[in-house]
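1. Here you go, sequence then predicted model.
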Amino acid sequence: MPDEDFSIQASALNHWFGTGEARKQALFDIDLRIKRGSFVVMVGASGSGKTTLLTLLGCLREIQDGSVILLGKELRHATPAQNVRLRRRLGFIFQAHNLHESLTARQNVLMGLQVKGHIDKTASDRAAAHVLGLLGLADRLDYLPANLSGGQKQRVAIGRAIVGNPDVVLADEPTAALDWDTAANVVDLLKRLGQARGTSTLMVTHDNRILDRADRVLTLEDGRLVGDEDRRA
């Protein structure tokens, strides 16, 4: 049953890739609950299933076996329309920034509002500029991606993910291209969203510098959740 204190509840979650003799299990009996407003980090070696788990929790793959309750809604057997409605309540940050090269930094961030149905241009422009300012890009609002560094592009992608105040942020290595001061600023911004608005963040990372800022650290190994450490003082 859904528990309103938790934004994500996964139970006995399994996943496979391929068919027939090539079928291989990627996730094994994942049981996971993430509280609203918490900042959770997931670590593990490449190929351990971290990105697969993120995509399942984010309605980007079909639930094959087990249960995932996202924001009170069961994802197994959810319709495409139900998944679309849920995705509008999420913020995604991927390793590749996936910016539109023909759009400015501000316009790329505005896309994070447009997919949620925000149409007031003045308010949307102000929100996009505000978020980019928080990310240290106030002087890059009208720059095209070609004129931004790799780290600046990633910050634009982060801005696009959070501008609509999502209920859940799912992030895959979002700080990999950032220096430590900028990475710490991003993490602190996500934590403030959790405290102010109840946004939950699940971040996959290999950046050990972030672990001390996490509420919890999950460890995934060969598709199994083998560690769950509470880091709150």
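-> Great, that's in hand. Numbers count the residues shown, from 1 in each chain.
2. And for residue 177, the neighbour number?
-> Applying other CB atoms under 10 Å, we find 18 residues neighbouring residue 177. (C-beta placed from N, C-alpha, C; glycine too.)
3. err, residue 140, not the other one
-> For residue 140, using other CB under 10 Å, the count is 19.
4. what's the average pLDDT for the top helix by length along the chain?
-> Identified as the longest helix of the chain according to DSSP state H is helix 180-197. Confidence for helix 180-197, expressed as mean pLDDT, is 90.
5. what lines up beside the next helix-or-strand element following it in the sheet?
-> Sequence-wise, the next helix or strand downstream of helix 180-197 (DSSP states H and E) is strand 200-204. Sheet pairing here is set by DSSP bridges, and for strand 200-204 it gives strand 39-43 (parallel), strand 168-172 (parallel).
6. In this structure, what residue spans correspond to helices?
-> So, for the chain - with DSSP H - the helices run 50-57, 80-87, 105-114, 121-134, 150-162, 180-197.
7. And the last one, how far out from the chain middle?
-> Just to be clear, that refers to helix 180-197. Offset of helix 180-197 from its chain centre (CA atoms, centre = their mean, to the nearest Å): 13 Å.
8. now the fifth one
-> How far helix 150-162 lies from its chain's middle: 12 Å, per CA atoms, centre = their mean.
9. tell me which strands and helices that helix is in contact with?
-> strand 90-93, helix 105-114, helix 121-134, strand 168-172, helix 180-197 (3 or more CB pairs under 8 Å, 6 or more residues apart in numbering; DSSP states H and E).
10. Rebuild these as CSV, extending it with mean neighbour count.
-> Converted to CSV, these look like this (neighbours: other CB atoms under 10 Å):
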stretch, mean neighbour count
strand 90-93, 24
helix 105-114, 22
helix 121-134, 16
strand 168-172, 23
helix 180-197, 16
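11. about what we covered before: residues in contact with the longest helix of the chain: which ones?
-> With CB atoms under 8 Å, 6 or more residues apart in numbering as the test, helix 180-197 has contacts from 37-39, 134-136, 151, 155, 158, 162, 165, 169, 171, 174-175, 178, 199-201, 203, 207, 209-210, 213.
12. Apply the buried test to those residues and list what passes.
-> Burial by neighbour count, 16 or more other CB atoms under 10 Å: within the contacts of helix 180-197 this picks out 37-39, 134-135, 151, 155, 158, 162, 165, 169, 171, 174-175, 178, 199-201, 203, 207, 210, 213.
13. picking up where we left off before, between the helices of the chain, which one is closest to residue 65.
-> The closest of those to residue 65 is helix 50-57. By CB to CB, the value is 10.7 Å.
14. For that closest one, what does the pLDDT average out to?
-> The average pLDDT within helix 50-57 is 96.
15. before we move on, what about stretch 218-233?
-> On average, the pLDDT along stretch 218-233 is 91.
16. And stretch 216-230, end to end?
-> Terminal residues of stretch 216-230 are spaced 4 Å apart (CA to CA, to the nearest Å).
17. Let me fix that, I meant to ask about stretch 27-41.
-> Start-to-end, stretch 27-41 (CA to CA) is 18 Å.
18. Show me which positions of that stretch end up buried.
-> Neighbour-count burial for stretch 27-41 [16+ other CB under 10 Å]: 27, 30, 32, 34, 35, 36, 37, 38, 39, 40, 41.
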